[in-house]
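Peer 1: this one's sequence-less:
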């Protein structure tokens, strides 16, 4: 019985990894694509994950070391969606993230009203900068232990964003998240923006946020009004 259960675990684990494929040379960033729950006859939400500086480079397997794909591969049930995890070697460029999004919209049956973005550290900055430059493209975003460009505050005030940061973060101070949150609320006091400061949270420990359902339930509960 134990051997049988182990075989089943290995089988399903293999299926999960087999459906996380590397896509190279198709968009401005190479990326890992998870289509395990994708059915082409059904419009699917899209979740984009932007990694932090430590996962930068040209080895896409690094992108599975923490974050959304890491959590999914460890058994977290993320709502049915296409998941894209691009990789950068030198910071996040909003225009290049947009190119990855455009590729997904052109090649998969994606619901354009349900595009979600999340990121950690450098990816937190990348998330808010992408959403800030292209607010009409995103239904909701989560930025963890990062910050954002204040010039995008007005645009960010039009998109639901959940900003989270550890109070004991020594790599990126929580003041970075507080600044962009305050700028969003100054632009529009009624903006659908949340700021959560995690008591005692460090730069690394907040990765656990990807391993519970709260951020996914919150994002996937939002829908963007798409112009016809």
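Peer 2: Sure, I can see it. The model shown is predicted, which means the values in this text are computed figures rather than measured ones.

Peer 1: Ramachandran angles for the nearest residue to residue 171 once chain neighbours are set aside?
Peer 2: Closest residue in space to residue 171, ignoring its immediate chain neighbours: residue 203 at 4.0 Å, by Cβ to Cβ, 6 or more residues apart in numbering. Using the backbone N, CA and C atoms, a C-beta is placed for each residue, glycine as well. With angles defined as degrees, to the nearest 10, residue 203 sits at phi -60, psi -30.

Peer 1: tell me the contacts of residue 203?
Peer 2: By Cβ atoms under 8 Å, 6 or more residues apart in numbering, residue 203 lies in contact with 121, 145, 166, 169, 170, 171, 172.

Peer 1: With distance to residue 182 and neighbour count as new columns, can those be given to me in JSON lines?
Peer 2: Below are the contacts of residue 203 laid out as JSON lines (distance: Cβ to Cβ, whole Å; neighbours: other Cβ atoms under 10 Å):
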{"residue": "121", "distance to residue 182": "20", "neighbour count": "27"}
{"residue": "145", "distance to residue 182": "17", "neighbour count": "32"}
{"residue": "166", "distance to residue 182": "18", "neighbour count": "25"}
{"residue": "169", "distance to residue 182": "17", "neighbour count": "22"}
{"residue": "170", "distance to residue 182": "22", "neighbour count": "8"}
{"residue": "171", "distance to residue 182": "21", "neighbour count": "12"}
{"residue": "172", "distance to residue 182": "16", "neighbour count": "20"}
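
Peer 1: hang on, the earlier thing: and the residue nearest to residue 171, how far from residue 64?
Peer 2: Between residue 203 and residue 64 the computed distance is 20 Å (Cβ to Cβ, to the nearest Å).

Peer 1: got the contact list for residue 212?
Peer 2: Taking Cβ under 8 Å, 6+ apart, we find residue 212 in contact with residue 76.

Peer 1: let's see 6 Å
Peer 2: With contacts defined as Cβ atoms under 6 Å, 6 or more residues apart in numbering, residue 212 is in contact with no residue.

Peer 1: Mind pulling up the pLDDT for it?
Peer 2: Model confidence at residue 212, given as pLDDT, is 93.

Peer 1: that's a helix at residue 179, yeah?
Peer 2: Yes. Per DSSP: H, G, I helix; E, B strand; the rest coil, residue 179 lies within a helix segment.

Peer 1: Quick one: neighbours of it, just the number.
Peer 2: Residue 179 is flanked by 15 other residues according to other Cβ atoms under 10 Å.

Peer 1: Inside helices: which ones of the contacts of residue 203?
Peer 2: Using DSSP state H, no member of those falls in helices.

Peer 1: Low-confidence stretches in the chain?
Peer 2: Within the chain, the stretches with pLDDT under 70 are 1-19, 227-228.

Peer 1: what's the helix or strand for the residue sitting nearest the centre point of the chain?
Peer 2: Taking Cα atoms, centre = their mean, the centroid of the chain lies closest to residue 118, which sits 2.4 Å from it. Under the criterion DSSP states H and E, the helix or strand holding residue 118 is strand 110-120.
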